[in-house]
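>>> any chance you could fold what I've pasted below:
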Amino acid sequence: MYKPLFNQRKALRFRQFSRKGYALFACLGRVVTIGVLSVATQQTAIAASDNNRVADGSATSMTAADSLSTDKEVTLEDLEVTGSRAPLALGQAARMVTVLSREDIQAAPVQSINDLLKYAVGVDVRQRGPLGAQTDIGIRGSSSEQIAILLNGINICDAQTGHNAFDLPCDVSDIIRIEVLEGPAGRVYGTSSLVGAINIVTSETRGERRETKGERNVQARMEGGSFGYWSTAGRISLRSLGEVSGMGSSLSASYTRSDGYQRSKAERLNSDYRGGKLFYQGMYDHDDFRMNWHAGMSVKGWGSNTFYSAKYDEQYERTMKWYAALQGETKGRLHFRPAIYWNRSYDRFELIRDMEDKVPFNHHRTDVFGINLNSYFDWLLGRTAFGAEFRNEDIVSGNLGEPLSSPHGPYKVGLNRSNLSFHLEHNVLLHRFTLSAGIVAVKNTWNEMPFTVYPGVDASYRIGNDWKVYASYNSSLRMPSFTELYYSVGGHQADKHLKPEELHAVEGGVKYLTPAITAQVSVYYHHLRNMIDWVMDPSTADPVWQSVNHTKVNTLGFESSVSLSMEQLLGWQKSSFSVAYSYNDQSKRETALLTQSKLEYLRHKLVAQLQMRLVGSLDLGVKYRLQKRTGTYTTVDGVLEPYHTYDVVDTRLAWNADRYSVYGELNNLFGRHYTDYGNVPQPGTWLIVGAKINFDL
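The predicted structure follows:
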């Protein structure tokens, strides 16, 4: 799935002079190609295209009368990703970043970004409800609280709880790519990125363009299926606004609903879903600077059946989220990249649906405001990045926080805290060797946390043209959520003086890359201390669950993957096969106390994917997942039940023409019965049929 995109023809290129960040001519701020053209091909030459720009985003091009072009070098290895503070090409980065490309996203049988991440072997997607209703996502055995979620590089983590972190305002059709950075990412993304980060990219930045040709493009989608499922979405994009060149924008909207796949004991719907999204983004690309901005909202409500308590099977939750961000970047020798953002979240939880007179609803409103500056420049010894970030998190709630001086509506308590961080990083970029080292210094106003420094270093070396070895050491932290600090109801007693969790990790691996075969193996070790857990002492007279910095956890794991291009190996057009496997083993100090954390992580995960062009424009995609989770859960009848191994097959058959697509999808083809969370069964076979249209105005 994560295969590179290669041209059929390759030009002979002197790597020392090529358009890489470490190239000798990179400092000129222009692309310079040295090559040889035969008489038959010298009719045209293109020195750069929209997809091939140097680090400062500038490009020059030469065109001739005909439309032939050579050496566009559109590969994932040249794609600029965020694996460090200073942007580097994927093939150049010292740290491994998994990229789900636009091609992968379009071919996947998914209805949400949450579903899409199931096929990333290092990502644990614990689904409570389908269609993106609520999903906890972790990386390498982590919880949903321990990873950073970013939208176009902007941190959108939910300070209240990680359960709602993936309430995104954008539709799957808005996404250009998804970057998954595994392992501590504190010096890259700051707090929250304890065990990794997921960056969802929608903006057409740094020369990236979609496959449309016109100045105005319209896309529409409609689909329906099992369990009363129905969804519609539309998107319009403008390359330029009036007479202003270099300026573009897009607006998308979507609505999804489902009756759900199960009912409560009282025969009422308890897994239904209603949700809508609205997302606007824009960009302006000038000779001296670049700007990007986005604004969006997500509104949804869903039957939560037994999400939080097996005793109540008619729970319900409703959330609303607003997002806004403005980013800029200057061009030239010194790059200033400021950003300002604001996110607001509403959350209403009903333990018994529509019965507030029996059990009061929980109301929460969270506001997050942030401003950051990331700067970098190139010089004789490499690329240096520096900057700072200020982030303020504020919550008003019915039960999370300190008493408010002026309560209003359902909000009686609240809390405000700020996080300040400074970072410094240097990258040494040689022909075959990359070294990236840096630190982040963090201070949080809550609990009088002093400035604490978290270092990291990554190194990679390219052997020949096909092999690459890498190693890294990184550290990071995660501030406790508002729920962990203040949830003191229903037999729970939170500790508002919790310390941040801290992680130190080492990793090493090797990667093999050719046009036909891509293979990778990595081994890692994580040491987590001050792990936040809910514990109970059964020997006390009145035992309650308490949140504490309870223990240390060590994780040893490895990942491996192989991708084959059938187009390169056998000449099968638009066909590929990949298989990936991950293994985790965690251990923690045993204690006589009862704990809610039973280390419910994925010990084994196997993902296999086949994509084939059958005939004409008919494409078949088959995706297979096998998962084994550790841990146990207590059933409604009080029986201790282990998580069982399960496997799922998803398929997609589509006729993909230039301007339209008609498709059918079968999720969970063989109707497997399984759970990602105890007492929350997942749906059986789910049939979806739909159509997409794409045209220029």
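>>> switch to C-alpha atoms for all contacts and neighbour counts from now on
Will do.
>>> low pLDDT regions in the protein?
For the chain, the stretches with pLDDT under 70 are 1-83, 90-91, 204-214, 240-245, 590-598.
>>> list the buried ones in stretch 145-160?
145-152, 154-160 (16 or more other C-alpha atoms under 10 Å).
>>> using CSV, write down the CA coordinates of it.
Coordinates of each C-alpha in stretch 145-160 appear next as CSV, following Å, rounded to 0.1, in the frame of the first residue of the first chain:
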residue,chain,number,x,y,z
GLU,A,145,-4.1,9.7,24.6
GLN,A,146,-0.5,9.1,23.7
ILE,A,147,-0.3,10.2,20.1
ALA,A,148,-0.6,13.6,18.4
ILE,A,149,-3.2,14.2,15.7
LEU,A,150,-2.5,17.0,13.2
LEU,A,151,-4.4,18.6,10.4
ASN,A,152,-2.0,20.2,7.9
GLY,A,153,0.6,20.2,10.6
ILE,A,154,-1.7,21.9,13.2
ASN,A,155,-2.1,20.1,16.5
ILE,A,156,-5.9,19.3,16.9
CYS,A,157,-5.6,16.9,19.9
ASP,A,158,-8.6,17.0,22.2
ALA,A,159,-7.4,18.1,25.7
GLN,A,160,-10.6,16.7,27.3
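>>> which residues are contacting that stretch?
138-139, 161-166, 189, 191-203, 325, 341, 343, 345, 366, 393, 395, 478, 481-483 (C-alpha atoms under 8 Å, 6 or more residues apart in numbering).
>>> can you select the buried ones from the residues you listed in ChimeraX?
To isolate the buried ones among those in ChimeraX, judged by 16+ other C-alpha under 10 Å, type:
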select :138,139,162,163,164,165,166,189,191,192,193,194,195,196,197,198,199,200,201,202,203,325,341,343,345,366,393,395,478,481,482,483
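>>> so the spatially most central residue of the chain bridges to which residues?
Centroid check for the chain by C-alpha atoms, centre = their mean gives residue 198 as the closest residue, at 2.7 Å. Note on residue 198: beta-bridge partners residue 149, residue 180, judged by DSSP bridges.
>>> measure it to residue 182 for me?
Separation of residue 198 from residue 182 (C-alpha to C-alpha, to the nearest Å): 9 Å.
>>> over to residue 537?
Per C-alpha to C-alpha, residue 537 is found 35 Å from residue 182.
>>> who has more neighbours out of the two?
More crowded of residue 537 and residue 182, by other C-alpha atoms under 10 Å: residue 182, with 23 against 15.
>>> list the contacts of residue 662.
By C-alpha under 8 Å, 6+ apart, the neighbours of residue 662 are 654, 655, 656, 689, 690, 691, 692.
>>> my read: the first one touches residue 619, true?
Yes - with the criterion set as C-alpha atoms under 8 Å, residue 654 and residue 619 qualify as a contacting pair; they are 5.3 Å apart.
>>> near residue 647, how many other residues are there?
Counted with other C-alpha under 10 Å, residues neighbouring residue 647 total 17.
>>> doesn't residue 671 make contact with residue 649?
No - judged on C-alpha under 8 Å, residue 649 makes no contact with residue 671 at a distance of 9.0 Å.
>>> which of those two has more residues huddled nearby?
Taking other C-alpha under 10 Å, residue 649 and residue 671 do not tie; residue 649 has more neighbours (19 against 15).
>>> residues of the helix or strand harbouring that one that come out buried?
Secondary structure assignment for residue 649, by DSSP states H and E: strand 646-656. Using 16+ other C-alpha under 10 Å as the test for burial, strand 646-656 gives 647, 648, 649, 650, 651, 652, 653, 654, 655, 656.
>>> may I have the strands that pair with it, each with its orientation?
In the sheet, strand 646-656 lines up with strand 618-629 (antiparallel), strand 660-667 (antiparallel) (DSSP bridges).
>>> any chance of a markdown table for those strands, columns distance to residue 99?
Output for the strands paired with strand 646-656, formatted as a markdown table (distance: least, C-alpha to C-alpha, whole Å):
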| stretch | distance to residue 99 |
| --- | --- |
| strand 618-629 | 17 |
| strand 660-667 | 23 |
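>>> let's verify the closest residue in space to residue 619 that isn't next to it in sequence: helix, strand, or coil?
Excluding its sequence neighbours, the residue lying closest to residue 619 (C-alpha to C-alpha, 6 or more residues apart in numbering) is residue 613, at 4.5 Å. Following DSSP: H, G, I helix; E, B strand; the rest coil, residue 613 is assigned to strand.
>>> and residue 112, how far is that from residue 697?
From residue 112 over to residue 697 the distance is 28 Å, taken as C-alpha to C-alpha.
>>> who's more crowded, those two?
Between residue 112 and residue 697, counted using other C-alpha under 10 Å, the more crowded position is residue 112 (18 against 9).
>>> contacting residues for that one?
131, 132, 171, 172.
>>> ends of stretch 455-473, how far apart?
Span of stretch 455-473 from end to end, C-alpha to C-alpha: 8 Å.
>>> how far off centre is that stretch?
Chain-centre distance of stretch 455-473: 23 Å, with C-alpha atoms, centre = their mean, to the nearest Å.
>>> pull out the buried positions in that stretch.
Neighbour-count burial for stretch 455-473 flags 455-462, 467-473 (criterion: 16+ other C-alpha under 10 Å).
>>> just flag the most distant two among those.
455 and 467 (27.5 Å; C-alpha to C-alpha).
>>> within the helices and strands, which one has residue 564?
With DSSP H and E as the test, residue 564 turns up in strand 545-565.
>>> can you point out the buried residues in the helix or strand just after that strand?
Per DSSP H and E, strand 545-565 leads on to helix 566-569 as the next helix or strand towards the C-terminus. By 16+ other C-alpha under 10 Å, the buried positions in helix 566-569 come out as 566, 567, 568.
>>> with just CA atoms, put helix 566-569 into PDB.
Extracted C-alpha coordinates of helix 566-569, given in PDB (Å, rounded to 0.1, in the frame of the first residue of the first chain):
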ATOM      1  CA  MET A 566       3.100  -6.200 -10.500                       C
ATOM      2  CA  GLU A 567       3.300  -3.500 -13.200                       C
ATOM      3  CA  GLN A 568       7.100  -3.500 -13.000                       C
ATOM      4  CA  LEU A 569       7.500  -7.300 -12.400                       C
END
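>>> now do that helix: which elements does it pack against?
The elements that helix 566-569 packs onto, with contact taken as 3 or more C-alpha pairs under 8 Å, 6 or more residues apart in numbering; DSSP states H and E, are strand 576-588.
>>> got the angle for the strand it packs on vs strand 545-565?
Using axes from the mean of the first three to the mean of the last three C-alpha atoms, to 10 degrees, the direction of strand 576-588 lies 150 degrees away from that of strand 545-565.
>>> name the residues that touch strand 576-588?
Strand 576-588 is touched from outside by 1, 121-122, 140-141, 551-567, 599, 601-612, with contacts defined as C-alpha under 8 Å, 6+ apart.
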